[in-house]
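Trainee: Provide a 3D model corresponding to the input given below.
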Amino acid sequence: MLLTSCVEQPETVSQPDFSEFDPLATDSLVMRNTEIREDLLEQSDIHDIEHWINNNGSIGFYLRDTKAVDRSANEAIGVYISLQ
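Mentor: Okay, the predicted model is just below:
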């Protein structure tokens, strides 16, 4: 016997609320381009985004800072592209 069910999906997708995360939950990103990586680390220092380098070379940060890290990464990538 095979049972199936249909559930109506909402038309809009809600953005995640990062305030719901454990304040000590972490994430990481890998940036292989040296120029972008250095700019991202510099911007993280300037904007007081707590970060660290993991054993595998990735950049670690707290989930609560995801929006700020995304913004800094996008800016660093944009600057790199505009200079090429």
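Trainee: only the buried residues of the helix or strand harbouring Thr66, if you could.
Mentor: When secondary structure is defined by DSSP states H and E, Thr66 falls within helix 66-83. By neighbour count on 16 or more other Cβ atoms under 10 Å, the buried set for helix 66-83 is Thr66, Ala68, Val69, Ser72, Ala73, Ala76. C-beta coordinates here come from the backbone N, C-alpha and C atoms, glycine included.
Trainee: quick one: contacts for Asp65?
Mentor: Listed by Cβ atoms under 8 Å, 6 or more residues apart in numbering, the contact partners of Asp65 are Ile49, Glu50, His51.
Trainee: among the residues you listed, which one sits closest to Asn33?
Mentor: Within the set of the contacts of Asp65, His51 lies nearest Asn33; the separation is 16.9 Å, counting by Cβ to Cβ.
Trainee: Gly57 touches Val30, doesn't it?
Mentor: Yes: contact status for Gly57 versus Val30: in contact at 7.1 Å, counting by Cβ atoms under 8 Å.
Trainee: how long is stretch 53-65 from one end to the other?
Mentor: Criterion Cα to Cα, to the nearest Å; first-to-last residue distance in stretch 53-65 is 16 Å.
Trainee: what's the spacing between it and its chain's center?
Mentor: 10 Å (Cα atoms, centre = their mean, to the nearest Å).
Trainee: mean confidence for the helix holding Thr66?
Mentor: For helix 66-83, the mean per-residue pLDDT is 93.
Trainee: dump it to CSV, restricted to CA.
Mentor: Taking Å, rounded to 0.1, in the frame of the first residue of the first chain, the C-alpha atoms of helix 66-83 are listed here in CSV:
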residue,chain,number,x,y,z
THR,A,66,25.9,35.7,8.4
LYS,A,67,24.3,38.8,6.9
ALA,A,68,27.4,40.9,7.6
VAL,A,69,29.8,38.2,6.3
ASP,A,70,27.6,37.9,3.1
ARG,A,71,27.6,41.7,2.6
SER,A,72,31.4,41.8,3.1
ALA,A,73,32.0,38.9,0.7
ASN,A,74,29.8,40.4,-1.9
GLU,A,75,31.6,43.7,-1.7
ALA,A,76,35.0,42.1,-1.9
ILE,A,77,34.0,40.1,-4.9
GLY,A,78,32.5,43.1,-6.6
VAL,A,79,35.6,45.2,-6.0
TYR,A,80,37.8,42.3,-7.4
ILE,A,81,35.6,42.0,-10.5
SER,A,82,35.5,45.7,-11.2
LEU,A,83,39.3,45.9,-11.1
